[in-house]
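**Q** Here is my input; please provide its structure:
(one chain, ligands or ions: 2)
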Amino acid sequence: MPTRETIHSVFNRDEVFEFLKPEIPPSLDLSHGVILYLEGINVSFDGFKAINDLNLYIDDGELRCIIGPNGAGKTTMMDIITGKTQPDSGSAWFGQKINLLKLDEPAIAHAGIGRKFQKPTVFENHTVHDNLELAMAGNKNIYTTLTAKLHSEDQDRIADTLNLIGLRDQPYASAGSLSHGQKQWLEIGMLLMQNPKLLLIDEPVAGMTHQEMDRTAELLTNLAGEHSVVVVEHDMDFIRSIARKVSVLHQGSILAEGTMDEVQNNQKVIEVYLGE
Ligand SMILES: Nc1ncnc2c1ncn2[C@@H]1O[C@H](COP(=O)(O)OP(=O)(O)O)[C@@H](O)[C@H]1O
Ligand SMILES: [Mg+2]
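**A** Ligands and ions are numbered 1, 2, ... in the order given. Down below sits the predicted model:
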């Protein structure tokens, strides 16, 4: 494990991660400064309204936190954005021109929306480096990928990613030997290798130590700006440490939105959630 000091120097935005600047797909029109529009979204499961007239707007480069009690619809909202669940009504746009409801899951990932699920899904028997390389290659043949020589530009991207996720000192460690927190960072690195512009991250700090949570806060803060990041999380201390704008989801709709202080002092929020 690297020491705290090295972590602070590796999660350092001042180094320019030139190769990690996401390429903006030509069809992604961010001219209005908004990367995601969800409007009037409704989803029912067997008559139960999981999402109820949901409106959500995410700015380009924003780091947005979404909180809300269990069953509020947070994961379902991500399922809609990534094409896993088709809503009954409403609209979902990625920038001005990409209609998400007309694309399937692979097409949405290809358009530049990356999702990290709660449980890390790294290739345990491969090294950290090879996990990143495999993620960059996408669906190409694993054997060909790991035996072919990497272009120097790809090597640079992997090196930049290792830096960003705090694993530059152990590129040849097997992923299975990493701590839970390091696996989560590796998976974020794997997502980044696919060049997403918008990252959706579901409960990143569940099961992490306090120190790992601090580093994760740093990592996500560093990603915002070049990327837009939507984080769903239950841990209030963690949210407080990264929060800029917070949205509270309750019974499938936005109950309140604002700074952490604003939502914490909102009477409706206190009743349904924080006062629990
Ligand atoms: N595929 C599904 N089929 C039936 N009900 C579902 C399905 N997915 C989610 N739900 C229900 O929708 C509600 C919202 O779930 P979810 O989005 O997972 O909430 P959260 O992530 O905020 O805890 C819950 O009541 C859940 O049981
Ligand atoms: Mg959930």
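
**Q** switch to C-alpha atoms for all contacts and neighbour counts from now on
**A** OK.

**Q** measure the nearest residue to residue 196 once chain neighbours are set aside to residue 266 for me?
**A** The shortest distance from residue 196 to any non-neighbouring residue, by C-alpha to C-alpha, 6 or more residues apart in numbering, is to residue 112 (4.2 Å). From residue 112 over to residue 266 the distance is 34 Å, taken as C-alpha to C-alpha, to the nearest Å.

**Q** Comparing those two, which residue is more hemmed in?
**A** residue 112 (20 against 16; other C-alpha atoms under 10 Å).

**Q** give me phi/psi at the more buried one?
**A** phi 120, psi 20 (degrees, to the nearest 10).

**Q** I figured it was touching residue 192, is that so?
**A** No: using C-alpha atoms under 8 Å as the test, residue 112 is too far from residue 192 to be in contact (10.1 Å).

**Q** where exactly do the helices run in this structure?
**A** Listed in chain order, the helices of the chain (DSSP state H) span 4-10, 74-81, 105-111, 128-137, 142-147, 152-164, 180-193, 210-223, 236-242, 260-264, 267-269.

**Q** May I see these arranged in JSON lines, with mean pLDDT as well?
**A** Listed next are these as JSON lines, based on pLDDT from 0 to 100:
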{"stretch": "helix 4-10", "mean pLDDT": "42"}
{"stretch": "helix 74-81", "mean pLDDT": "97"}
{"stretch": "helix 105-111", "mean pLDDT": "93"}
{"stretch": "helix 128-137", "mean pLDDT": "90"}
{"stretch": "helix 142-147", "mean pLDDT": "65"}
{"stretch": "helix 152-164", "mean pLDDT": "91"}
{"stretch": "helix 180-193", "mean pLDDT": "94"}
{"stretch": "helix 210-223", "mean pLDDT": "95"}
{"stretch": "helix 236-242", "mean pLDDT": "93"}
{"stretch": "helix 260-264", "mean pLDDT": "94"}
{"stretch": "helix 267-269", "mean pLDDT": "93"}
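
**Q** Any idea which of those gets closest to ligand 1?
**A** Of all the helices of the chain, helix 74-81 sits nearest to ligand 1, with 3.6 Å by C-alpha to the nearest ligand atom.

**Q** is ligand 1 contacted by that closest one?
**A** Yes: using C-alpha under 6 Å from any ligand atom, helix 74-81 reaches ligand 1 at 74-76.

**Q** Which residue is the nearest non-sequential neighbour of residue 51?
**A** residue 252 (3.8 Å).

**Q** roughly how far apart are that neighbour and ligand 1?
**A** According to C-alpha to the nearest ligand atom, to the nearest Å, residue 252 and ligand 1 sit 7 Å apart.

**Q** Give the buried residues for stretch 55-74.
**A** For stretch 55-74, a neighbour-count test (16 or more other C-alpha atoms under 10 Å) marks 55-56, 58-69, 72-74 as buried.

**Q** State the distance from the nearest residue to residue 273 once chain neighbours are set aside to ligand 1.
**A** Spatial nearest neighbour of residue 273, excluding adjacent residues (C-alpha to C-alpha, 6+ apart): residue 69 at 6.1 Å. Distance from residue 69 to ligand 1, counting by C-alpha to the nearest ligand atom: 6 Å.
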